[in-house]
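J.: Here is the input, now give the coordinates:
(chains A, B, C and D)
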2 protein chains.
Amino acid sequence: MRILVVEDDPDLSRQLSEALKDSGYAVDVADNGEDGHFMGDTEPYDAVVLDLGLPIIDGISVLQKWRADGKTFPVLILTARDQWSEKVSGFDAGADDYLTKPFHHEELLARIRAILRRAAGHTTDSIDIGALHVDNRAARCFVDGMPIKLTSHEFRLLSYMAMHRGRVISRTELVEHIYDQDFDRDSNTIEVFVGRLRRKIGTDRIETVRGLGYRLIDPDNVPNKK
Amino acid sequence: MRILVVEDDPDLSRQLSEALKDSGYAVDVADNGEDGHFMGDTEPYDAVVLDLGLPIIDGISVLQKWRADGKTFPVLILTARDQWSEKVSGFDAGADDYLTKPFHHEELLARIRAILRRAAGHTTDSIDIGALHVDNRAARCFVDGMPIKLTSHEFRLLSYMAMHRGRVISRTELVEHIYDQDFDRDSNTIEVFVGRLRRKIGTDRIETVRGLGYRLIDPDNVPNKK
DNA sequence: GCAACCCCTGAACATAATCTGAATATTAGG
DNA sequence: CCTAATATTCAGATTATGTTCAGGGGTTGC
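T.: Have a look, this model is predicted:
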């Protein structure tokens, strides 16, 4: 999952992106409205954390522009305490949730997880695919109840596939959502990660669709394959 | 489905054609208005992605020429941000949709699927022909609810026939829409693929019309065959 | 500050799926 | 029956995917 943070206070921005990275997200940062708007327009984020008081273009305008352009990623806005009117116009502009500063990291992370899972049409933080259990909250996964140790990138890959289970996901899409901005994929990292994941969670849980990509399935619940 | 991309920026052009190929389309590329116009005039594309700012002949003129010549393929135009007047004249010239740069691959792909299916007179990404279900988004097909594994070329063939179901489709037409430019068909690949498809989805779903081509039908709902 | 470790990356190499073209068999139509 | 059209089969050729591994950057524990 890849997240954009638009925040001008350098301290807060660093804290936020660190906390998010620790939770296993790929994070890009913008420190003003213009850059933030451009990045949101250009890159396929899974969620955005948007401060409202920003240099150059304010947060509400950025959000409005995105929505006018048809961008649908979920947006969590940060407001100063007591700025009730801002919250209202934030929701009007298409925000999905808000958080008043100051806040605990824990709360931010919980809300991010919530908007991510809502966007993907799930109702809880964990996803079961047959005997495979993916816990996005604890960033852990289990097969038949046994905990599986995954590295951070392995978990990102699994988590993204779990959110979109059953669908074929192209290598390009995986790269875009697992890595942050400056990454030029000209190597076979995705294949390597898929290989490692398969060894850990079971080869047949990730189906490869030649020429298109990969798909996460429940191997015990395939109607019948030819 | 075969798509023409007319775009002069080499980076964007490569990205586009890669993303489209990933989605299972056959793709040709032109990097200026003149070549683009010629290719669109000569080859039977199912859709065109057309940048407006092009060397030699600009995009709007290319589109106007095509429409004046009676070309009906759907055209998705790419415009720079804020060039609202361009969008308007694009629609006037006969565009089917537009996308402002920059954009996400996923959005482009969604719009391509949308104009393709509109052009074929469908309203969703999936098509049912009796017990056969073709899902163009997931690139999958089912018979009686059972998933059928198809290779990428097999799926292209099926998808094209499903889009034009009930009509007889000649071998030449199939070759032209399933392969991109540089493919010299002097062999019997189409027969081979039809054979393989038949084995997978059921022999009687593809009818042979001697001397003309093939037709995709619902074997359980044939008005009356002689 | 150092050593030990873990993980990521990119490349080289190995394997497997699928495509192609041709040869051969079968069928429909006269 | 004869012929042309279509089907089937199959063996390379070709590409996509898998696997392995070494080097390096970063982190942890001492």
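J.: From here on, just use CA atoms for contacts and neighbour counts.
T.: Will do.
J.: Please enumerate the helices of chain A.
T.: A:10-22, A:33-42, A:59-68, A:84-93, A:105-119, A:152-163, A:171-178, A:189-201 (DSSP state H).
J.: Out of those, flag the one nearest chain B.
T.: Closest approach to chain B among the helices of chain A (C-alpha to the nearest C-alpha): helix A:33-42, 5.4 Å.
J.: From A:Arg14, how far out is the nearest residue to A:Asp31 once chain neighbours are set aside?
T.: Nearest residue to A:Asp31 in three dimensions, chain neighbours excluded: A:Asp8, at 4.3 Å (C-alpha to C-alpha, 6 or more residues apart in numbering or on different chains). To A:Arg14, A:Asp8 is 10 Å away according to C-alpha to C-alpha, to the nearest Å.
J.: ok, the two, which is more surrounded?
T.: Neighbour totals were compared for A:Asp8 and A:Arg14, and A:Asp8 leads with 19 against 14 (other C-alpha atoms under 10 Å in any protein chain shown).
J.: Touching, A:Leu132 and A:Val143? I think so.
T.: Yes. A:Leu132 is within contact range of A:Val143, at 4.6 Å (criterion: C-alpha atoms under 8 Å).
J.: Now do the shared contacts for the two.
T.: By the contact definition C-alpha atoms under 8 Å, 6 or more residues apart in numbering or on different chains, A:Leu132 and A:Val143 are jointly contacted by A:Ile201.
J.: ok, what's across the strand from A:Thr100?
T.: A:Thr79 (DSSP bridges).
J.: I should have written A:Ile129 there, sorry.
T.: Beta-bridge partners, per DSSP bridges, of A:Ile129: A:Leu132.
J.: Hmm, it is touching A:Asp218, no?
T.: Yes. Assessed by C-alpha under 8 Å, A:Ile129 is found in contact with A:Asp218 at 5.5 Å.
J.: Would you agree the residue nearest to A:Asp31 is in contact with A:Pro55?
T.: Yes. Counting by C-alpha under 8 Å, A:Pro55 is a contact partner of A:Asp8 at 7.3 Å.
J.: mind checking how far the residue nearest to A:Asp31 is from A:Asp58?
T.: On the measure of C-alpha to C-alpha, A:Asp8 and A:Asp58 end up 11 Å apart.
J.: cool, A:Thr208 as well?
T.: 44 Å.
J.: now do A:Ala80
T.: 14 Å.
J.: What of A:Leu16?
T.: Taken as C-alpha to C-alpha, the span from A:Leu16 to A:Asp58 is 19 Å.
J.: Of these two, which one has the most company?
T.: A:Leu16 (20 against 16).
J.: what sits against that one?
T.: So A:Leu16 contacts A:Val5, A:His105 (C-alpha under 8 Å, 6+ apart).
J.: what does A:Ala138 give?
T.: So A:Ala138 contacts nothing (C-alpha under 8 Å, 6+ apart).
J.: what's the answer for the one 5 residues further on, then?
T.: Under the criterion of C-alpha under 8 Å, 6+ apart, the contact list for A:Val143 reads A:Ala131, A:Leu132, A:His133, A:Ile201.
J.: how distant is stretch A:23-38 from the center of its chain?
T.: From the chain centre to the centre of stretch A:23-38 is a distance of 13 Å (C-alpha atoms, centre = their mean, to the nearest Å).
J.: got it, and stretch A:144-156?
T.: 17 Å.
J.: Ends of that stretch, what's the gap?
T.: Using C-alpha to C-alpha, first and last residues of stretch A:144-156 are 20 Å apart.
J.: care to break chain A down by domain?
T.: Structural domains of chain A, as assigned by automatic domain parsing, span the residue ranges A:2-119, A:126-221.
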